[in-house]
Every structure is written in C-alpha cells, then in structure tokens.
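Q: The following block contains a protein sequence and its predicted model.
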Amino acid sequence: MNILVSIPAFILAIAILVTIHEFGHYWVARKMGVKVLRFSIGFGKPLWSKVAGADKTEYVIAAIPLGGYVKMLDEREGQVEEYEKHRAFNQKSVWKRIAIVVAGPLANFLLAIVLYSIVFVLGTNAMQPLIGEISPNSPAAIASIPSDGKVIAINDEPVVSWDETRMDFLDAYLKNSQKVVLKIESEQQGVQDYALDLSSLALLKTSSDFLEKVGIFAWRPRQSISINEVLPNSAASAAGLQKNDVLLRVDNQEIHYSRKFIEYIQQHANTSINLIVKRQKKEVSLKVHLLEKVLQGKVIGSLGAGLKAQLANDLSASETAKLDKAYFLYQHNPLDSFVLGIEKTWQMSVLTLKMMGRLIIGEASLKNISGPVTIAEFAGKTALLGLSVYLSFLAIISVSLGVLNLLPIPMLDGGHLLYYIIELLSGKPVPESVQEIGFRVGIALVGTMMLLALYNDIVRLIN
C-alpha cells in the first residue's frame, strides 16, 4: 500500500462523503424551520471552528475524520427557551422529522448519481468481455463455453465491458443462485446461449472473482514475468533467485501469466520445482523447494518472492491486433450519462441490499465486510489509476453509506426512521425508555460490525 497516497485519498473520500451526508440533514432541517446548533465534520477535539449565520451555528472540523453530525435544537437534549421551542426538532411534525432523517442517505444517493454521471462523461478505460481461458471441470467447462468467445449478454441483459459482465453476473446470481445464462459469440459456434449450473457453488462464501470461480477467465495478452523482490528466509532466497530474474519455465511449462504461475506455486506446497529464469541474457536452471503457509484455512505453496508483470515484447501480429481491439474508452454524452448514473446508483443500491441479506442468512461470508484499512487501500489504488476510477470508488462508497444508514438499526438514520414510522402508525411517539434500550442495542450492533470489519482488514494485511 502506498501510504503517501492512500491516507490523503482516504481522508479526502471520507471528508466528501460525510460532508454531503451531513449537509443533507443540515439543509432539510433548515428548510423545515429547525435551528441547527452545530455542523461537525469528524468527531473529537475540534481542529477548526467558526460561528456564523443568524442562528450562530458552529461549523467544526474535528480530529477524528470517520464521521460527522448535525446537532439541532431539541428539548430532549437540554433546556430550550420558550421563544425558540417552535424551532426545536422534537416539536416538528413526524413527517418533517422523517424528511430530515432521510435527507442524509438521500444526499449520498444523489452524490453517487452525480459522480457516476461525471465518470460516464469523462470516460473510463474498459476491456471487451473477451474470454481467454476456461478452467477444466468447472461449471463453465461443463456448459461447453468456448475459450475464445465474447460475452454479449447475461440473462438477456447486454454487456459491453468485462467490468459490466462481472457486475451483471453477480446481479443475475443474486436473483437466481441456481442458473445463469450467458450469451456468447465465438468464431466457431456463432452466437449461442450457455446455461451455467451454479447449484453446487457458494459464490459468496469467498471474496474471489465470481466469474473466475465458475471457471471463466478474461483474455489477457502474454506477459513477461520477473522477480521484483526476494524475501529473506524464503524458498526463493534459498534457491538463489535474484531480483530482475525473468521467469521462463516451471517444470517444463512456459510462464506467460502471473496468475497461472502463482496458482502453480500454491498447488505445490512442500515440494520441489524446476525453474528456468533468464539472468543477464543467460538461462539459469534453479531447483526450488517450496515452503508452505496457511491462507484462509488452506495450506498453499510459498515461494517468497514479489513478481512484476508487464506486456511481453514479442507479441505476434495477431496478438497485437487483438490487443488493440480489446481495450476501448467507455464514454457517453451528458444526457445519457445522467440516465446511466441513475441506473448505476439503483443497481449498486439493490446489490448492496441483497449482499447484506445474504450475509444475514449466512449465504455470504462475513470476510466480505471491509473496514477503514481496506477502504484506505482502495482509495490509494484508485487515486493512482486516475480521476474516473477514483470517482467511481467514491460513488460505490457513497451508495454503501446511504444504504447502511437506512438500515433499521437504532443509532443509525434508519433506526430513527423506524421510530417515526411506528409513531405514524400508533399515533404516539416511541417511549423514551424503549428508545434508550434501542440505542444501546444499536451501539452494540454497529460496534460489533466495526470490530469485525477491522479484524478482516488485519487478516487481509497479514495474508
């Protein structure tokens, strides 16, 4: 992780998302005639504050940038002068309180729409949904999916890029975890439908790529794989591997893809392999006895070396032509981008809810929950990849924040919304004692979720 990039990118992301969320509450509260006492970005000790406006609202930037809040005039939190009681939050109608509470998550959804619209206008580098390999004995192999095909639709929904294919495949799986139909075009078979039987797979139990788990791998041009780092006391160090060694063959199999080489290493724990490398224009033969380590409860082989992959410099004319056609700029005009932004935000919101549902019933692994460390890591990676990628990352997190806050958990916006709906139905507010118990339960649930997310972050770092 590049800390110099990740930390600023993470802080910027949180600052934008929290500011927009809290501004939603703030703006609607003001429109509903509620007096706002404080608008804080962050928690803890104020680093900067300013009092402004007719209401003498205090605007604060605090030391812990992991949230924020809007403090409103409320008789339940302190004495309110008689002349200001009509401006207290608790004195407003239940519909106005609902509007104020919903405004925060709604602001996050609106932000996601704007961000996705900008991304579609700017354009992103995308890859055609070209298949490069089908794993033997996988659901894709059983369905006879061609290894040189191009995915053009999933359950009759057209797809134009590999990222779109992955997202639509997940959407289709969440709708029907037994079967997903891919429409694929290939030179030999033409356009055909291929039904994947997924009844024996638990795709959400791991965090691996869903398409790869069913045996479908994206096409990639041949790579040149070299050693970027040799770890001390490792199998690579013991065998004499050196930085900048170019990997040529392993056990007489040519090495063209880092993924396949890593898989081969992981499948040969505590065994010896023959490795041919190119070192300073000479071929060197090395016998490497692989060590073993445990990853996610599974024993795998360990080489103890960092790899660097780059495009092979001896691509054929046909490979070069395919490479030129494989990548394209995915871009739209402003009007279409806005419509696509709405559709994308809706799709991500529904997917997030469905994934949460699968987590609750145990069909998805709790390891998929990520915390601040993972978010910071992806913030740094996406920032390095360009503005469009970083904005897409912000949109995804904004959607997640909006959905999470609408969950009916006391302490979150959704918990307050639940109380107000009960008030609408019963005609009287939820008793303070019940709200207090709910608040404690909410803190316990949110705290447990945060600890789990942090634990997953630490495990990922260790692995």
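A: Received, thanks.

Q: Might one say that residue 365 is in contact with residue 355?
A: No. Judged on Cβ atoms under 8 Å, residue 365 makes no contact with residue 355 at a distance of 10.6 Å. Heads up, the C-betas are built off the backbone N, CA and C, glycines and all.

Q: between the two, who's got more neighbours?
A: The neighbour comparison of residue 365 against residue 355 (other Cβ atoms under 10 Å) goes to residue 355, with 19 against 16.

Q: okay, that one: pLDDT?
A: pLDDT, residue 355: 84.

Q: got a list of what it touches?
A: By Cβ atoms under 8 Å, 6 or more residues apart in numbering, the contact set of residue 355 is 174, 204, 364, 368.

Q: Contacts made by stretch 231-247 with the rest, please.
A: By Cβ under 8 Å, 6+ apart, the surrounding residues in contact with stretch 231-247 are 224-230, 255, 261, 275-279, 284, 286-291, 302-307.

Q: Just the buried ones from the residues you listed, in PyMOL syntax?
A: The buried subset of those, as determined by 16 or more other Cβ atoms under 10 Å, is captured in PyMOL by this line:
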select buried, resi 224+225+226+227+230+255+261+275+276+277+286+288+290+291+302+303+304+305+307
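
Q: Low-confidence stretches in the chain?
A: The chain contains residues with pLDDT under 70 at 1-2, 206-208, 296, 460-463.

Q: Residue 269 and residue 294 touch, don't they?
A: No. Contact criterion Cβ under 8 Å: residue 269 and residue 294 do not qualify, at 9.8 Å.

Q: Between the two, which is the more surrounded one?
A: Higher neighbour count among residue 269 and residue 294: residue 269, with 16 against 11, using other Cβ under 10 Å.

Q: tell me the SS of that one?
A: Assigned with DSSP: H, G, I helix; E, B strand; the rest coil, residue 269 falls in the coil class.

Q: OK, contacts around it?
A: By Cβ under 8 Å, 6+ apart, residue 269 lies in contact with 290-292, 299-302.

Q: How is residue 65 assigned, secondary-structure-wise?
A: Three-state assignment for residue 65 (three-state DSSP): strand.

Q: If any of the contacts of residue 355 are buried, put those into a PyMOL selection.
A: Those of those that count as buried under 16+ other Cβ under 10 Å are selected in PyMOL with:
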select buried, resi 174+204+364
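
Q: Please parse this protein into its domains.
A: Recorded structural domains for the chain (assignment: automatic domain parsing) are 106-123+331-406, 131-220+325-329, 223-314, 409-463.

Q: ok, back up a step: might you specify the subset of the contacts of stretch 231-247 located within strands?
A: Filtering the contacts of stretch 231-247 for membership in strands, criterion DSSP state E, returns 224-230, 275-279, 284, 286-289, 291, 302, 305-307.

Q: Quick one: the helices in the stretch 101-250 of the chain, in order.
A: For the stretch 101-250 of the chain, the helices defined by DSSP state H, counting those that start in this stretch occupy 139-142, 162-175, 210-213, 235-239.

Q: Tell me which of those lies nearest to residue 403.
A: When those are compared by Cβ to Cβ, helix 162-175 sits nearest residue 403, at 14.4 Å.

Q: Straight-line length of stretch 151-166, end to end?
A: Stretch 151-166 has an end-to-end distance of 11 Å (Cα to Cα, to the nearest Å).

Q: same question, stretch 25-44
A: Terminal-residue distance, stretch 25-44 (Cα to Cα): 20 Å.

Q: Now do the buried residues in it.
A: Neighbour-count burial for stretch 25-44, counted by 16+ other Cβ under 10 Å, picks out 25-26, 28-30, 32, 34-42.

Q: do stretch 238-255 as well
A: 239, 241, 245-248, 250, 255.

Q: same question, stretch 64-78
A: Buried, per 16+ other Cβ under 10 Å, within stretch 64-78: 65, 67-70, 72-73.

Q: ok, those residues vs residue 130, which is closest?
A: Residue 130 has its nearest neighbour among the buried residues of stretch 64-78 in residue 65, at 41.5 Å by Cβ to Cβ.

Q: For that closest one, give me its contacts.
A: So residue 65 contacts 11, 14-15, 18, 41-42 (Cβ under 8 Å, 6+ apart).

Q: Dump these into JSON lines; add distance to residue 389 as well.
A: Below are the contacts of residue 65 laid out as JSON lines (distance: Cβ to Cβ, whole Å):
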{"residue": "11", "distance to residue 389": "18"}
{"residue": "14", "distance to residue 389": "18"}
{"residue": "15", "distance to residue 389": "19"}
{"residue": "18", "distance to residue 389": "21"}
{"residue": "41", "distance to residue 389": "25"}
{"residue": "42", "distance to residue 389": "26"}
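
Q: now, which of those residues sits nearest residue 428?
A: Relative to residue 428, the closest of those is residue 18; by Cβ to Cβ it sits at 33.6 Å.
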